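> this is a predicted model, with the sequence first.
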Amino acid sequence: MNYLSIILLLPVLSFLVLVVFGKKWGEKSAYVSIGAMVVSFALSIYALLFVMGGGHTEITFTWASIGSFKLTFGLLLDALSAMMLVVVTIVSLLVQIFSFGYMHGDKRIGWFYACLSMFTASMLLLVYSPNYVQIYMAWEGVGVFSYLLIGFWFEKRSASDAAKKAFMVTRFGDLGFGVGLVLLYIVAGTLDMDKVFAMHLPEATAALIAILFFCGAVGKSAQFPLHVWLPDAMEGPTPVSALIHSATMVAAGVYLVARSYPLFEMGPVSLEVVAIIGTITAFMAATIALTATDIKKVLAYSTISQLGYMMMGLGVGAYAAGVFHLMTHAFFKPLLFLGAGSVIHAVHSQEIFDMGGLGKKMKITSITFLIGGLALAGIPPFAGFWSKDEILAGAFASGHITIFIFGLLTVLLTAFYTFRLIFIVFFGKPRGHHGDHAHESPAVMSMPLIILGFFALTAGLIGSPFAQNAFQGFIAHGHEAEAPNYMVMGASCIIALIGIGFAYMKYMTNVLPSNVISKDNFFYKLLVNKYYMDEFYYYALIVPTHAVARAALAFDQKVVDGAVNGVAWVSMQFGKGLRHIQTGYVQNYALYMVIGLVVLLIWSIKILGLF
Amino acid sequence: MNLTINWSQVNWLALTPEMIILGFSIIVLLGELFLSKTSKHMLGAVTLVGLVASLVSLGYIWNLQATEFNGMFSVDLTANVLKAILLVTTALVVLGVLKVNVLMGEGEFFSLLLFSVLGTMFMASSADLIMLFIALELTVLPSYILTASKKTRQSTEAALKYFLLGMISSVILLYGMTLLFGLTGETNFAAIAGKLAGHPIQPALVASMLMIVVGLGFKIAAVPFHFWAPDVYEGSPIPVASYLAAGPKAGGFAAIIHLFPLAFGVVAPAWAGVFAILAVASMVVGNLVALSQTHVRRLLGYSAVAHTGYLLVGLAVATKLGYASLIFYFLVYSLAALGAFLVVLALAERGFGENLKDFAGFSRRAPMLALAMAIFMFSLVGVPPFAGFMGKLYLFREAVRSDLIWLAIVGVLNSVISFGYYVTVIRQMYLVSPSEGEAVARMQVSKPLFASIMIIMAAVIVLGVYPNAFLSIIKL
Amino acid sequence: MNVPLEWWLILSAVLFGIGLIGVLLRRNAVMILLSVELMLNASNLNLVAFSRYITPNLASGQMFALFVMAVAAAEVAVGLAIILSIYRNVRSVDLDDFNIFRW
């Protein structure tokens, strides 16, 4: 047996064992799951080294055949999948270790670990896929386990509702994906990726199929307008949010687009769609994040926004940058989520205005959270800076100026809301009494934070100009990395700092901190006068933002939710009407049968041209 | 038709599975007469032995191609596979109800069951109109009695509706057969085809074809001939409903696959189109109406109608691979449906109701059964990696290959709609707590019933994960 | 005996039609059973007539008719038993009273 299949089979095995013995073993279940994940992670590292040494593996075996039709199941190891293997296994491993502390005392912890294992297995299966059928299957698999994990605390009605909503909304996108698959099969006659990519499909057809695939990605990766499920999905346990709803499953949509990139390139219109949707998502989610007061919701909207960035990068042709951001995000966002989990664990509340001054009580959490925040805000040399900057440079270089400007605006918003969160939660004075007994979480929870913090600090460097963009060269042979654009870098860096400055002034002080923005005269003047500043905040930022946020929220609730519910409602109404043909009177049935016979008779005679 | 049969030349080997079932049904019936009350409970086990023995003998003649009794009875792989599916599902029903009160004499119940199985097997092998008609009647007559066997108002009312509609459809079928006989002077499928070839199509032939569609469409519960199905699935005793949901449709499909391409080859575009229409109607009506059902067995009844719709796609395609996909999906569907009915039976045995709300908290009462039920539901929706997904994949793929893309799209859309009601069952089991704050105690399930459900669950998973295991046996 | 085949067929079709109308319009379960019997006999008439005119040397149509009679007898037995059984529950054989399964 190949070591690649062992990476996949270990979590499956762990799932099967825990389904049977999970209840009996209780918290000991974690050892099985974590043990399996350690081995998988080690083997993934080996696989990555193998690929870095120029290796490439593809294993297939026939899984079902009927007539000439063969379904194959395969393991494809190339640069993209090797990177994803490592990312998925390490985040899963760290989250599982963290959960050992976080879920301590939960009665159904065995089932929790079983689900985490099987989720990881499905995700690995997706990453490995050399054909679209397998991707689709794994795609549904991660959906199912995401459903189960969001609804893990199903006693809470909101949790079970959120689980259902997540499943339904993503399936809405999957519908497009499914139709795209059927269409691709009709056009290409195969669903093996290498064969499809080697073809020359007509541009319009390729674009249509690519856009249909993108529908699936929009659902899974919570892009506008199907992003509505992700904030609700925060009802799940926080480690689940960290693993599934920040690092892995929601990145699956981005991964699908990256995987199918040759197909998207065959129909370039589709890439424009990807870029536009990505930009709308990034900007819109960032504005909503400004007003959220639930720590996990802020992070959820920021995840949506960052996923938007990835799509934007892929859409403007900066393939490597998009994938690079996927990778760095997969380190700093789980870090933020786990940090949030640690905070929630300590204060037993998710409202940021219940918190405050936690920095002194929770040193490790606050420092690692700060690192994550800096990475998210895009401050060099933290991970997020390098990848986000690449995307912006890509947008600039490819002439998407509007997208570039919105990208920069989003940088400002991102920095602001991130540090709003950090200042309120970790600095200042405690609000209320929730934080009275807060203390640092146990080592089993803080260790993963430190490791993720390390990666959030360093992971970006492998793709930075200092390392000659090593990552980009590795991941995308055909796609040359952009030459470093120092103007863009400088601009985004400054804008991020301005955002942090605003946050500082708003939430930390009443006096003007002149040293922060002294270089920029325009903002300097704006901010000298505190009254003037408040007005500015109020009218220029808060009011429009609130309006946008409110409008976005209303759009979510009225239009998007409405459309999804509407389809269900219409089906239901049709069903309710249709059921009345079953009147209960047997002679009506006989009559329907006779009418059916007559109708079919007329139709058949017409078809055969007998009269 | 030559009425003299040279008995010495009959290859009895081809009939062994049927003969074994016949023998056992008589044994079981005699057992009911002569055994003491206390020892009658053995009869279930005897029936099980008979079914397994028949299955083994079927395996022995798996690849046999034979036509016996002057062309009335023919054996081929299609017939054998469908008979095997029938025998396996019926054996699982019998296993499941071994420790369950079947509400009538065990001997009566099991012998009627075996007679119905026998009729279905003959239906699958019939190559002659006379044979087909008698086999069909042999299949449905015991079913009427079994449906009525609970003797309550629900049971008898369902039986009466089943019976009346069944008779009407049978007599329409028969009239169609007489027309076909009149047009050709033959009753044998192949001989009819020979007589019809090369002649212009007469309207009477179309009428005859459609009348036969009514009769067989009733058997497989296709809209608009489906009205009996929800009532019977809801009203009949649960063991009977389980049996009806799974096996007997095999006969209807086998008869269609044998009769239509052969005898009605000249009007193929018409019946392929008719099956496509029936497929869409069944899918749409079944799924939409199921959305608003609250009684689980009635819901499964409408789901069965919807699945008949999916299966009809294979007939509308009208190619060898289409039929093969139909057979695979039939197996997949009947396993999942049977499993769901047996889970309902397990609940009812402990005094729970059969409404959706009675499933609340089921995951805590019986975690394994709830898991199995969830898997059956997922399989019925067609969620990978369960068997239903592979089945639908094959069916819709054949539709696409035969330029019936629109039909495949309707099928996929319907699968999405069907998710709405199947997930309600899962939601009830896993996410809803029982209302009146009642204590949730572990539910006891009789061992054979539990075993039967577990076997089905394993099969649904295996067929989904590695369908080649089955596909290579049936050589598709 | 110079009755042409068409006459028999018309008679059979008329019988079948009367039966069908009976099935659709009568409310009494027993009457419906009888109507179905009428339709069965229409089929038998068809079979015998075809056998006589189209395949005079073979007996397969007549054989078919014999089998149909046997089946019809069995059906009536089962049907009357079911009607009796529901009568015990509802004290009626009027189909309009049997309406607990709906929608």
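Arrived safely.
> okay, A:Ala467: pLDDT?
As predicted, A:Ala467 sits at a pLDDT of 66.
> what does B:Leu3 give?
Reported pLDDT for B:Leu3: 58.
> repeat that for A:Phe555.
For A:Phe555, the predicted pLDDT is 68.
> try A:Ser68
64.
> cool, B:Leu132 as well?
Note for B:Leu132: predicted pLDDT of 95.
> wait, what's in contact with it?
Contact analysis of B:Leu132 by C-beta atoms under 8 Å, 6 or more residues apart in numbering or on different chains lists B:Met123, B:Ser126, B:Met177, B:Ala255, B:Leu259. C-betas here are computed from N, CA, C, even on glycine.
> now B:Val232
For B:Val232, the contacting residues are B:Thr147, B:Ala158, B:Ala159, B:Lys161, B:Tyr162, B:Ala241, B:Leu244, B:Gly301, by C-beta under 8 Å, 6+ apart.
> quick one on the thing from earlier: save the contacts of B:Leu132 as a markdown table, and put in pLDDT, secondary structure and neighbour count too.
Formatted as a markdown table, those follow (pLDDT from 0 to 100; DSSP: H, G, I helix; E, B strand; the rest coil; neighbours: other C-beta atoms under 10 Å in any protein chain shown):
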| residue | pLDDT | secondary structure | neighbour count |
| --- | --- | --- | --- |
| B:Met123 | 95 | helix | 31 |
| B:Ser126 | 93 | strand | 25 |
| B:Met177 | 95 | helix | 24 |
| B:Ala255 | 94 | helix | 28 |
| B:Leu259 | 93 | helix | 23 |
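> what is the most widely separated pair among those residues?
Using C-beta to C-beta, the contacts of B:Leu132 span at most 13.8 Å, a distance reached by B:Met123 and B:Met177.
> near chain A, from the contacts of B:Val232?
B:Lys161 (C-beta under 8 Å from any C-beta of the partner chain).
> between the contacts of B:Val232, which sits nearest chain A?
In terms of C-beta to the nearest C-beta, no member of those lies closer to chain A than B:Lys161, at 4.8 Å.
> what about the closest one, distance to B:Ala222?
17 Å (C-beta to C-beta, to the nearest Å).
> more neighbours: which of these two?
B:Ala222 (30 against 26; other C-beta atoms under 10 Å in any protein chain shown).
> who's in contact with the more buried one?
By C-beta under 8 Å, 6+ apart, the contact list for B:Ala222 reads B:Leu278, B:Ala279, B:Ala281, B:Ser282, B:Val305, B:Thr308, B:Gly309, B:Leu312.
> three-state assignment of it?
The local conformation at B:Ala222, judged by DSSP: H, G, I helix; E, B strand; the rest coil, is coil.
> backbone dihedrals for the nearest residue to it once chain neighbours are set aside, please?
Counting by C-beta to C-beta, 6 or more residues apart in numbering or on different chains, B:Ala222 lies nearest to B:Leu278, which is 4.5 Å off, once chain neighbours are set aside. Torsion angles at B:Leu278 (phi, psi; degrees, to the nearest 10) stand at phi -60, psi -40.
> C:Arg91 now?
phi 60, psi 40.
> would you mind measuring from it to C:Asp97?
With C-beta to C-beta as the criterion, C:Arg91 and C:Asp97 are 9 Å apart.
> and the two? which has more neighbours close in?
A direct count of neighbours by other C-beta under 10 Å for C:Arg91 and C:Asp97 places C:Asp97 higher, at 14 against 8.
> wait, doesn't the more buried one sit right on C:Tyr87?
No. With contact defined as C-beta atoms under 8 Å, C:Asp97 does not count as touching C:Tyr87 (10.3 Å).
> re the thing from before, ok, the contacts of B:Leu132 vs chain A, which is closest?
Nearest member of the contacts of B:Leu132 to chain A, counting by C-beta to the nearest C-beta, is B:Met177, at 14.7 Å.
> thought that closest one was touching B:Ile134?
No. Look at B:Met177 against B:Ile134 with C-beta under 8 Å: they stay out of range, at 11.3 Å.
> give me the three-state assignment for A:His227.
Going by three-state DSSP: A:His227 is coil.
> can you tell me the closest non-neighbouring residue to it?
Among residues not flanking A:His227 along the chain, A:Ile304 sits closest, at 4.9 Å (C-beta to C-beta, 6+ apart).
> so where is chain C shaky, pLDDT-wise?
C:1, C:103 (pLDDT under 70).
> which residues in chain A form strands?
Assigned by DSSP state E, chain A shows strands spanning A:57-66, A:69-77.
> can you say which of those is nearest to chain B?
strand A:57-66 (4.2 Å).
> each with direction, which strands does that closest one pair with?
strand A:69-77 (antiparallel) (DSSP bridges).
> ok, and what's touching the strand it pairs with?
Residues from elsewhere that reach strand A:69-77 (C-beta under 8 Å, 6+ apart): A:2, A:4-5, A:8, A:47, A:50-51, A:55-65, A:85, A:128-131, A:133-134, A:192-193, B:393-394, B:397.
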